[in-house]
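**Q** Provided below are the primary sequence and the corresponding predicted coordinates.
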Amino acid sequence: MILELKEITKVYGNHLIIDGLTLTMDKPEIFGLLGPSGSGKTTLVKMIAGIETPTAGTIHVFGEKMPKLKVMAKFGYMAQSDALYGELTAKENIEFFAGLYGMRGKPLKSRMNQVMDAVGLIDELNKQVGQFSGGMKRRLSLAIAMMHEPKLLILDEPTVGIDPILRKNIWDMFKDLKAGGTGVIVTTHVMDEADKCDRLGMIRNGKMIAIGEPDALKKETETSSIEEAFLAFGGAVREK
């Protein structure tokens with residue numbers, strides 16, 4: 001079992017952000033969390049990553065109850081906002097974060113070249129990150145999250161600001177990671193990306209309104225697109 005969430009609830013003050021959400025990932029897959037801004041996606045992935053704790057319910061990653069430091073070393077997390085040092089080069093940023101996982105010397109250099117090539121930044125290693133565009137920063141953040149070859153990648157809006165060709169390459173990379181035994185959780189509000197996931201969880205107002213393979217969700221709602229399926233499931237919630 002890679003991931004198990006049971007009846008997760010998160011409350012901030014008087015605001016219910018996540019409402020009784022249950023989810024499991026039994027094997028490596030690309031699992032998408034689809035929902036509009038404010039639906040609770042970011043709060044949910046922060047709890048999975050151990051950055052925040054649920055108000056109620058339990059989260060287990062690789063069989064261990066979160067948050068737990070030794071488990072956090074087994075996954076990569078990419079936040080919605082880039083946590084990079086603008087005064088350092090891309091190489092120096094990678095060396096710093098990889099060092100937190102004990103990566104040094106030749107293995108670090110080899111892996112750095114591999115992930116930077118994958119995100120199309122191999123020629124920018126010695127460039128100061130403060131000079132990077134928003135899309136370049138997202139790609140560097142993704143490279144850093146993959147550096148220690150985690151068995152679970154948790155990615156919050158990883159392709160925002162990235163051009164369509166490179167976005168396709170990144171999704172191809174996600175498929176390769178899955179084939180190599182890594183589970184990928186990706187939040188998105190982009191419908192064509194949602195269609196590429198093995199399974200999809202649709203979130204609205206902190207509730208999981210549907211979970212399943214994209215084609216199965218479209219079939220269940222008798223719709224031809226993920227966007228229409230999301231609206232159909234959302235409409236069913238409103239009618240209750």
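**A** Here it is on my side, so go on. Numbering: from 1, shown residues only.
**Q** can you map out the helices along this structure?
**A** For the chain, the helices defined by DSSP state H occupy 41-48, 69-72, 90-99, 105-118, 134-146, 164-179, 191-194, 214-221, 226-239.
**Q** winner for burial among those helices?
**A** Per residue and on average, the most neighbours among the helices of the chain fall to helix 41-48, with a mean of 23 (mean count of other C-beta atoms under 10 Å). Quick note: C-beta positions are derived from backbone N, CA and C, even for glycine.
**Q** and that one, what does it pack onto?
**A** Contacting helix 41-48 under the criterion 3 or more C-beta pairs under 8 Å, 6 or more residues apart in numbering; DSSP states H and E are the following elements: strand 3-12, strand 15-25, strand 30-34, strand 56-61, strand 152-156, strand 183-188.
**Q** For the third one, which outside residues touch it?
**A** Read that as strand 30-34. Outside strand 30-34, the residues that touch it by C-beta atoms under 8 Å, 6 or more residues apart in numbering are 25, 41, 44-45, 174-175, 178, 183-189, 191, 193-194, 196-203, 226, 230.
**Q** tell me the domain boundaries of the chain?
**A** According to automatic domain parsing, the chain comprises the domains 28-53+68-74+151-240, 84-149.
**Q** And the ones you listed, which one averages the lowest pLDDT?
**A** Looking at the domains of the chain, the lowest mean pLDDT belongs to domain 28-53+68-74+151-240 (a mean of 90).
**Q** need the contact list for residue 66.
**A** Counting by C-beta under 8 Å, 6+ apart, residue 66 touches 47, 48, 50, 59, 60.
**Q** need the contact list for the residue nearest the centre of the chain.
**A** Residue closest to the mean C-alpha point of the chain, counted by C-alpha atoms, centre = their mean, is residue 155 at 1.9 Å. By C-beta under 8 Å, 6+ apart, the contact set of residue 155 is 77, 78, 142, 145, 184, 185, 186, 187.
**Q** if you set the cut-off to 10 Å instead, what comes out?
**A** By C-beta atoms under 10 Å, 6 or more residues apart in numbering, the residues touching residue 155 are 33, 45, 76-80, 138, 141-142, 145-146, 170, 174, 184-188.
**Q** same thing with residue 183?
**A** Residues in contact with residue 183 (C-beta under 10 Å, 6+ apart) are 2-3, 25-31, 61-62, 75, 150-154, 177, 198.
**Q** ok, of those, which come out buried?
**A** Neighbour counting with 16 or more other C-beta atoms under 10 Å marks 2-3, 25, 28-31, 61-62, 75, 150-154, 177, 198 as buried within the contacts of residue 183.
**Q** TSV please, covering the helices of the chain and showing distance to residue 14.
**A** Formatted as TSV, the helices of the chain follow (distance: least, C-beta to C-beta, whole Å):
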stretch	distance to residue 14
helix 41-48	15
helix 69-72	30
helix 90-99	37
helix 105-118	42
helix 134-146	33
helix 164-179	38
helix 191-194	31
helix 214-221	33
helix 226-239	21
